[in-house]
Each structure stands twice: as structure tokens, then as C-alpha cells.
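Enquirer: Can you look at this prediction? I've put the sequence above it.
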Amino acid sequence: MPGGGAAEGEENGGAEYYRSVYELGDQVFNITAGLFIPLYYRRPGDFSTAPANLSLGGTGSIEYSSFINSNMTLGLSLKGMFAYTPNDRLLSMFPITGKLTYYLTDSYPFEFPLYVHAGLCISRLESETFYGPTIMPGAGATWNMNSSWGFGINATWWWVPMWYGPSHEDTAKSRFGNFLDISLSATYHF
Amino acid sequence: MIRSTQKHSKLLPLLLLIPLILSSCTDGGAGIFYSIEIEQEIKNRSLPDYLTAFSYAKINDMYYLAGGGLYRWDSLVPSQEWSDMSLPSGWKYTWQVASNETNTLYVILENSDGDRTALYTWDGAWSPSAFSLPEGRPYRLWFVENELYVATQETANETDKKYNYRLYIANNPADLSLGFSQITVGGSPFVSTNKPIRDLDAIPAGDFFFITSAVVYTGSGDTFNEAVWPDRYLRNLHYSTTHGSLFLSTGSQPINGSGYVYEWNGSAWDGFSSVGGDPNDFGDIVFGGVNYLVIGTKSGYYESSGGSGFSGESATINSAAEYDITDLSSSVVQGLFDGPGDIFFAMTSGNGLWRNTNKTWSRE
């Protein structure tokens, strides 16, 4: 349970102040599912863009995090997505990331998490696998049904660079992938 | 607690950077996003996916493929599909075609029971040839240097399953009603027992060569003699425009398990290069402004250019969902032939006709 439960006022010498909703050590388990929307590739050489050339896909994640102060959590996230190429080749990506979230909780029971993922992204296309970094900023809106359960909607931008160094034979194939996922989430606080 | 929280906050950027730094050090794949960016939808071009093709011919811009049915494709309209040609009444299959490259297609037709074959020509209409054999039936044909050769098979001994093979030359390829002459070797009508005539080719303005599985013969017209040969298990002959030489392939050798290719030096066969597995037919293709000699094998194909030996080439269809076989190296490649521009084709045994367009493979 979040420390102190819902926001509540306390009398203290006539001055009212709000205890924070969350406290250090509160834990959050989050599960999401939604749509994966391919956007574009950016070429690092001339920064031109090209269509992602993928179908609308699906995405999902499981995340665990813990509050490090009254407004921020730090946790781990395992995401996954799939989408298809024009010839029905399956692209799948599995980001394994650290996730830092800042909660705007002024409108409790509504709250607005702002977050960023950073970590490893494992990308697979048929027999090819690429291990690379990823950074994924995002924002959401959550309605807390009670002190334990909340439900929300989230938008996350996937930035997945597949970059080969300038001396690499495949340097001309470097592309920065840009995608968007729109997901629904269920959050459990404990 | 406040102090503790501030301490944690300072560590956050570092914690987030660790997996980023670690993952940045890894590399792999071959441009997955790039591969997706340039991918174009591949359409199956109407040929059966299980097609087995051994033989093709070209007349002007029209390509003809014998693979049970007879198919043609107009290369002036690359997006057009292959069309199925009607065969003459009473005939169901064809496995062999050749052409004079200007107006006449030569075709061996087979009946539905597979016990009769006949040679026909097609120049807009079907015409049966006047090719009346004393015995046997045609099974291979070659149009080389303006000469038409036909190999026949006949049963020599039904009980012992012995077959005789003979070779004939058209007296006038433009008018098959003038008949054929049987090839002689050493002055006698040539008959090969249980060793099929496998291939025939010629050096431009030079000698003709044909092979059985064991012997090389050379000559011209209807007169041939035994030549030297480098090995056993002879497979195919091919005059390569890429190298300006005649090449001979031999089958998988027990000693090392790979096939071998020899080059004719005018009087003997010089070793040229090994190829993996049993080699099949050769072809010359032009791709990206470079000439290649290619050879199909039981596991994909090999290519050679600039006088160097053969190297195995990978060939993967960029679609896993539509095809059972997506990797040409897992298929028997009977032969390859050049198409217009940067297109070439690979004929497989039971896995269709494959097209390479700008290094992208698809199945017709």
C-alpha cells in the first residue's frame, strides 16, 4: 500500500499540509498492452527520413519499480513488440531497460507519469539479431481506482538506433528507428 | 530520508547509463532497419512453387521455360507474369526446349503416360517435326552454333533394364522435314549403352563437344571422336562467354565430397575450381556491369568472375511467410540463366523458378 494511502490533510498547529501519496520504498507493478505505430527511420549521415515500411503492430510490457522519493520511481522494464514488413517478415524488438518515472500527482486520484526508458534493445528480423541501445521517453494518464489499483493510457516514443561506426562496412546501413506505442496499463501499488 | 533520497537521485543518471553503455558496445545483424526500409512487396509470378525446371530458351525478348508445362515471359514487360502455353493435342508435358533465338522454338513433348515423346517446333503455331526415329525417343536437345542436336533413348534390354542412347543432328534446323543424321564416333554410328548423353556445347567457330557420364567426344557436324577427359562422373559442358572458354563439370567425388570444374585449354582439361556438392548446369549472367559464370549445385549456386574460381553464394528470399523454401542453398539448383538488366534466374528441382532482381530473390 502506498504510504498514508490517498492524499489527506492533517492539522498541525493550524497549518494544513498534504502528505505525499507515495513514500520511499513503495513498490509498483505495471503491465501494459497496446498498439505499436511505426513512424520513420532517420539516416544518421544526412538526417533524412524514410517511412518505417512496417505494418501496425502490437506491444506490451511488464515493469517493476520502486519509489525513490515521493514523486519518482526507478525500476526495470521488459517490453516487446511485433510488426510485419511488406512481405510479412516479422520484426520483433525486446527492450530491456531501466525506467525512471516522475509522477504528477496533484490531481489524485488522477496522476500523470512522465518517464524515460534507457537500456538494451534486442531486435530480430528472421534469422538476424541486433543488440543495440534504446531510449524511450513517454507520458501517461492514470486513474487510481483505489490505493492499490490504477488504470491508465500511455504513449511511448521508441528511439532505437542501429548505428554502425564510420569504419564499419555497413555504415551506410545505419538507421535510427522511431516508433510510437500507445498502450493501456494496469498498475498495482504495494 | 531526504538525504538518502538525494543520494539516490544523484545515482540515477549513472544507473540509466550503464545498460546503455553496455549495449552500445554490441553489434550484429546486417542493417535490419535498412533491410526493411528498402523492402518491396514481392508478388508470386504465377509459376507453381513446386516447379522443377531443367531447360529454358529465349527468342528475342521472350523467355520460354520447360517445367512440365511450357511457360513464357515477355521481358519487355518485367511486371508481367509468366503465362502457361497450350501444348498440342495429345501431349501433356515438356521438359526440354531450345531455340534459334530468332523465331523458332524446339520442344520435346511427352504424353500423359510418359511413354511417348516427340519433337515439335513452335513459331506461333505448333508443327510436328518429321523426325522419325528408327527406335527410341528424344529426351534432350541443344541448339548450338546454328545446329540442332537431339539425344534419344531406347530400351535395349527390358529384362536387364538396359538403355541405348544415340545422338542426331538436324540436316537443316530451319526445315526439319529434311530429316536428321545420326552422329558417328570413330566412323561408326554412336550408341552409348546405359550411359546417357548428358550435355553438348561448342566453342564458337570451333569444335563441338558432347559428353556421356564417362566420356568426352569432340568433332563437328555428324562426325565425332573420343577426346581426353579429366575424370569420371561427367555432368555438364558449357562455353562461357565470361571466360571465353569451354568448361566441364564433374560430379561429387568420393575422395573429398565436392564437385569439380575443368577448363579446356585446346588439347586438355585444366583444373579450374571445386564446387560444393554435385554440380549441375552452368550459365553466364551479367549483373551490375560484371560478367559472372555461375553453376547450380545440389545446394545452391556458385559464381566466378574475373578469372577467379567459384565461390558459394547465399540466396535468401526476403519473405518467410509465403514460401516453404526461403533459402536457395537448401534447394537443388539445376541451372541459372540471364535475364534483362540486373535480373537473373535460378531453376530448381521442385522449388520453383527463382528470380534475382538487384540482389533480391523472389520466387516466380
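Expert: Received the coordinates, thanks.

Enquirer: What is the neighbour count of A:Leu114?
Expert: 14 (other CB atoms under 10 Å in any protein chain shown). For the C-beta atoms, the positions are set from N, CA and C on the backbone; glycine is no exception.

Enquirer: Three-state assignment for it, please.
Expert: Secondary structure state of A:Leu114, per DSSP: H, G, I helix; E, B strand; the rest coil, is strand.

Enquirer: what's across from it in the sheet?
Expert: Beta-bridge pairing of A:Leu114, defined through DSSP bridges, involves A:Tyr102, A:Ala139.

Enquirer: burial measure for B:Val77, as a count.
Expert: 9.

Enquirer: Sticking with it, tell me its helix or strand.
Expert: Using DSSP states H and E, B:Val77 sits within no helix or strand.

Enquirer: now do B:Leu109
Expert: Using DSSP H and E, B:Leu109 sits in strand B:105-110.

Enquirer: Need the phi and psi values for whatever residue of chain A ends up closest to chain B.
Expert: Nearest residue of chain A to chain B (CB to the nearest CB) works out as A:Lys173 at 3.0 Å. Torsion angles at A:Lys173 (phi, psi; degrees, to the nearest 10) stand at phi -90, psi 0.

Enquirer: for B:Lys92, what are its contacts?
Expert: Going by CB atoms under 8 Å, 6 or more residues apart in numbering or on different chains, B:Lys92 touches B:Glu110, B:Asn111, B:Ser112.

Enquirer: who are the neighbours of the strand holding B:Leu109, in terms of helices and strands?
Expert: Judged by 3 or more CB pairs under 8 Å, 6 or more residues apart in numbering or on different chains; DSSP states H and E, the packing partners of strand B:105-110 are strand B:55-59, strand B:93-99, strand B:117-122, strand B:137-144.

Enquirer: Any regions of the chain where pLDDT drops low?
Expert: All of this is about chain A. For chain A, the stretches with pLDDT under 70 are A:1-20.

Enquirer: sorry, should have said chain B
Expert: Those would be B:1-30, B:41-45, B:78, B:130-135, B:253-257, B:316-326, if you go by pLDDT under 70 across chain B.

Enquirer: May I see the buried residues of the longest strand along it?
Expert: Determined from DSSP state E, the single longest strand within chain B is strand B:147-157. Going by neighbour count (16 or more other CB atoms under 10 Å in any protein chain shown), the buried part of strand B:147-157 is B:Glu147, B:Leu148, B:Tyr149, B:Val150, B:Ala151, B:Thr152, B:Gln153, B:Ala156.

Enquirer: now stretch A:151-165
Expert: Buried positions in stretch A:151-165, judged by neighbour count with 16+ other CB under 10 Å: A:Gly152, A:Asn154, A:Thr156, A:Trp157, A:Trp158, A:Trp159, A:Val160, A:Pro161, A:Met162, A:Trp163, A:Tyr164.

Enquirer: ok so, going back, if we only consider the contacts of B:Lys92, which is nearest to chain A?
Expert: Using CB to the nearest CB, the contacts of B:Lys92 come closest to chain A at B:Glu110, 36.0 Å.

Enquirer: tell me the contacts of the nearest residue to that closest one once chain neighbours are set aside?
Expert: Of all residues not flanking B:Glu110 in the chain, B:Tyr93 sits nearest, at 4.2 Å (CB to CB, 6 or more residues apart in numbering or on different chains). By CB under 8 Å, 6+ apart, B:Tyr93 lies in contact with B:Gly68, B:Gly69, B:Leu87, B:Leu109, B:Glu110, B:Asn111, B:Ser112, B:Gly114.

Enquirer: which of the residues you listed has the most neighbours?
Expert: Highest neighbour count within the contacts of B:Tyr93, by other CB under 10 Å: B:Leu109, with 23 neighbours.

Enquirer: thought that residue was touching B:Trp122?
Expert: No - applying CB atoms under 8 Å, one finds B:Leu109 not in contact with B:Trp122, separated by 10.2 Å.

Enquirer: quick revisit: tell me which of the contacts of B:Lys92 is nearest to A:Ser148?
Expert: B:Ser112 (75.1 Å; CB to CB).

Enquirer: Surely that closest one forms part of a helix?
Expert: No - with three-state DSSP as the criterion, B:Ser112 is located in coil rather than a helix.

Enquirer: what's it sitting at in phi/psi?
Expert: Dihedral angles (degrees, to the nearest 10) for B:Ser112: phi -70, psi -30.

Enquirer: B:Leu178 now?
Expert: The phi/psi pair for B:Leu178 (degrees, to the nearest 10) is phi -80, psi 0.

Enquirer: Could you report the neighbour count for it?
Expert: There are 12 residues near B:Leu178, going by other CB under 10 Å.

Enquirer: hang on, isn't it packed against B:Leu148?
Expert: No - taking contacts as CB under 8 Å, B:Leu178 lies outside contact range of B:Leu148: 11.3 Å.

Enquirer: Overlap in contacts, the two.
Expert: Both B:Leu178 and B:Leu148 are in contact with B:Ala170, where contact means CB under 8 Å, 6+ apart.

Enquirer: Report the beta-bridge partners for B:Gly277.
Expert: Here B:Gly277, judged by DSSP bridges, has bridge partners B:Ser258.

Enquirer: count of neighbours near the residue of chain A closest to chain B?
Expert: 20.

Enquirer: contacting residues for it?
Expert: By CB under 8 Å, 6+ apart, the residues touching A:Lys173 are A:Met162, A:Tyr164, B:Ala30, B:Gly31, B:Phe33, B:Tyr34, B:Ser35.

Enquirer: do that again at 7 Å, thanks
Expert: By CB atoms under 7 Å, 6 or more residues apart in numbering or on different chains, the residues touching A:Lys173 are A:Tyr164, B:Gly31, B:Tyr34.

Enquirer: So which of those belong to helices?
Expert: B:Tyr34 (DSSP state H).

Enquirer: want to try TSV for the contacts of A:Lys173, with distance to A:His117 as columns?
Expert: TSV is the format used below for the contacts of A:Lys173 (distance: CB to CB, whole Å):
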residue	distance to A:His117
A:Tyr164	23
B:Gly31	24
B:Tyr34	24
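
Enquirer: which residue sits closest to A:Arg42, ignoring its sequence neighbours?
Expert: A:Phe176 (4.4 Å).

Enquirer: now swap in A:Tyr64 and tell me
Expert: In space, A:Tyr64 is closest to A:Gly75, 5.1 Å off (CB to CB, 6+ apart).
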